[in-house]
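Colleague: generate coordinates for the sequence data below:
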Amino acid sequence: VKNISHLTKRHISLLIWLRTGHISLNQHLHRIKKSDTPNCPNCEDDRQETVEHFLLGCPQYAHERHVLQSSLGRVAFSLPFILTQPTAHEPVIRFINSTKRLNDTFGNV
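Modeller: The predicted structure is shown next:
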């Protein structure tokens, strides 16, 4: 708890939803019948929009990911690290804000 005590409730919720995959990305939305497809809306192939794809792989967010990597270094490409380590919380939240992908759900976090 002390690792997240400095975060707002909204940020804590966001990080938990990212960790569990129960977040408004198409893979989850498709699973709960809120999206016609699990695929990424930005990729032309059949890549599912998972948390990993959103944070680490989608070419649409290459610039934002570069900023994240500049902040965290090589560990920015480790999903377990960026979802669990306190040093990654703020940079990940800035990444999410800059992509605007989750604004419909969270607004500006």
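Colleague: now name the helix or strand holding V67.
Modeller: With secondary structure defined by DSSP states H and E, V67 is part of helix 62-72.
Colleague: buried stuff in that helix?
Modeller: Neighbour-count burial for helix 62-72 flags 64-65, 68, 72 (criterion: 16 or more other CB atoms under 10 Å). Every C-beta, even on glycine, is put in place using the N, C-alpha and C of the backbone.
Colleague: stretch 39-53 too?
Modeller: 39-40, 47, 49-51, 53.
Colleague: which pair in those residues has the greatest spatial separation?
Modeller: Pairwise distances among those were taken by CB to CB; the largest, 14.6 Å, belongs to N39 and V51.
Colleague: and the gap between the residue nearest the centre of the chain and D104?
Modeller: Here the mean C-alpha position of the chain is nearest to the C-alpha of L55 (CA atoms, centre = their mean), at a distance of 4.8 Å. Distance, L55 to D104, using CB to CB, to the nearest Å: 18 Å.
Colleague: now the phi/psi pair for the closest residue to P38 other than its chain neighbours, please.
Modeller: Nearest residue to P38, sequence neighbours excluded (CB to CB, 6 or more residues apart in numbering): H30, at 3.9 Å. For H30, the backbone dihedrals are phi -70, psi -40 (criterion: degrees, to the nearest 10).
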